[in-house]
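J.: sequence plus predicted model, see below.
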Protein chains: 2
Amino acid sequence: MQRIPSKTVERLIVYRRVLASRVEGRSGHVYSHELAGMARVSAVQVRRDLMEAGFSGSPSRGYEVDELLGRIDRILDAPDGMKAVLVGVGNIGRALLSFLAGRGLKIEVVAAFDNDAAKIDRVISGCRVYDMQTLPERSRALGVRIGVIAVPGPQAQAAADALVEAGVTGILNFAPVPLLVRAGVQVEQVDIMRALEKVAHFAKQEKAREV
Amino acid sequence: MQRIPSKTVERLIVYRRVLASRVEGRSGHVYSHELAGMARVSAVQVRRDLMEAGFSGSPSRGYEVDELLGRIDRILDAPDGMKAVLVGVGNIGRALLSFLAGRGLKIEVVAAFDNDAAKIDRVISGCRVYDMQTLPERSRALGVRIGVIAVPGPQAQAAADALVEAGVTGILNFAPVPLLVRAGVQVEQVDIMRALEKVAHFAKQEKAREV
DNA sequence: GTCACGTTGTGATACTATTAACAGTAATCA
DNA sequence: TGATTACTGTTAATAGTATCACAACGTGAC
């Protein structure tokens, strides 16, 4: 399977989501412009993305939904799920756990880590918190592939190093610090403060509309 | 002031952050490659970005840090700050409040809104929670320019509509739902689940390195 | 002064992503 | 059956973004 562009992957995730939560219609088929409307992108964009995904529809029937969902699943998911750990059980960490844990997701959070002795051994949203020191061995033993970093900025790089040492190949980083990792480790930055400042900048240039 | 490309704005935010937290060196000057190292981008990228920002350095001295910070502030910030409101005081909402509220930021969260009667009138991280119904008038009266949406998916579009009605020109959306707003309203999507699935997809293709 | 060095500023280039344009195709209907 | 319609698949054009390559410049050594 050839490499699919990053932006296309993002949209495939959205397509899958809106298709999964759609009201059933037209016996399981969907047109590019319908999907486009739900995902708030253009119809061409949808067709191109599905082409990148190697999926074909039929003129005048559109795309077969179940088949499409299967195809997207096969591209996005690992066949037997993926294990993740959370590093840092602060405000954001707990919020993350509360909506990642427990559900039957393909990505399962199997452990959390923190430095704070008061948090160690507690169970939060069904997920046990361990001592940060034990991260590398424990994660490696569990076969963890993904690490979520939710520690304060100054500790983020150390957390990343520990995760890489544990053999993790993907990191989702909520700390406002750019990470340095070896080639082959995928880092996805979620920088909330930056997003807020960015929207503020562009909002500033727009004039508020009157009532 | 001409429009600065979106990606450049994102990096200017990072430059400002790393410069503000730097250890003082070389009497307040910085070279493009130093800044690049701190922000994990290339040196050319830095020079190009500062050029877009209309800022000049000097050969063999680099960029004057205080002047640069001033310049970035003037580009990014509104002269007399910006007011924001939070919609949805759930797990994520509270986590957001806890690190947005109180500090002397240029972006100030002045109110929060929720539907849940149990939350209304409570004060969380120094921010009072009001009834969702009162959002449009109250926000307009306060002169709010930015809305942060942290409600469950199904309520997100309604929240956006209310914010736009209040005259907001920028929305930061944490709900996993693409929003439809009138032209001129800036929407920035922070889709945590999507980010996780994306990193999982690319992590899947990488082979874990042995110890 | 002038040479060597390391830096900035930027045109040219390459790459990625989006949009436009249209040929090909299945279904429908006269 | 042939014309019409509404869709898909894909090539071509454009826009947005990142990188290369190098001219121009200021400073310090001598």
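T.: Arrived safely.
J.: just give me the longest helix of chain A.
T.: Scanning chain A for the helix with the most residues, using DSSP state H, yields helix A:6-20.
J.: can you list the residues that contact that helix?
T.: Applying C-beta atoms under 8 Å, 6 or more residues apart in numbering or on different chains, the external contacts of helix A:6-20 come out as A:4, A:30, A:35, A:38-39, A:41, A:45-46, A:48-49, A:52-53, A:65, A:68-69, A:72-73, A:75-76, B:176, B:178, B:194, B:197-198, B:201-202. (C-beta placed from N, C-alpha, C; glycine too.)
J.: and DNA strand C, which of those contact it?
T.: Contacts with DNA strand C within these, as defined by C-beta under 7 Å from any atom of the strand: A:Val41, A:Gln45, A:Arg48.
J.: next, count neighbours for the residue nearest to the first one when sequence neighbours are not counted.
T.: With C-beta to C-beta, 6 or more residues apart in numbering or on different chains as the measure, A:Arg11 is the residue that lies nearest to A:Val41, at 6.4 Å, once sequence neighbours are left out. The tally of other residues near A:Arg11 (other C-beta atoms under 10 Å in any protein chain shown) stands at 21.
J.: check contacts around the closest residue to A:Phe99 other than its chain neighbours.
T.: The shortest distance from A:Phe99 to any non-neighbouring residue, by C-beta to C-beta, 6+ apart, is to B:Asn91 (6.9 Å). Counting by C-beta under 8 Å, 6+ apart, B:Asn91 makes contact with A:Arg94, A:Ala95, A:Ser98, A:Phe99.
J.: ok, 7 Å please
T.: A:Ala95, A:Ser98, A:Phe99 (C-beta atoms under 7 Å, 6 or more residues apart in numbering or on different chains).
J.: how many neighbours does A:Asp80 have?
T.: Neighbours of A:Asp80 (other C-beta under 10 Å): 6.
J.: swap in A:Gly88?
T.: Neighbours around A:Gly88, by other C-beta under 10 Å: 26.
J.: dump the residue contacts of it.
T.: A:Asp114, A:Ile149, A:Ala150, A:Val151, A:Ala159.
J.: again, but for A:Ser56
T.: Counting by C-beta under 7 Å, 6+ apart, there are no residues that A:Ser56 touches.
J.: the one 5 residues further on now?
T.: For A:Arg61, the set of contacting residues under the criterion of C-beta under 7 Å, 6+ apart consists of A:His29.
J.: quick check: it vs A:Val30, distance?
T.: 10 Å (C-beta to C-beta, to the nearest Å).
J.: if anything else comes up later, I'll come back, but that's it for now.
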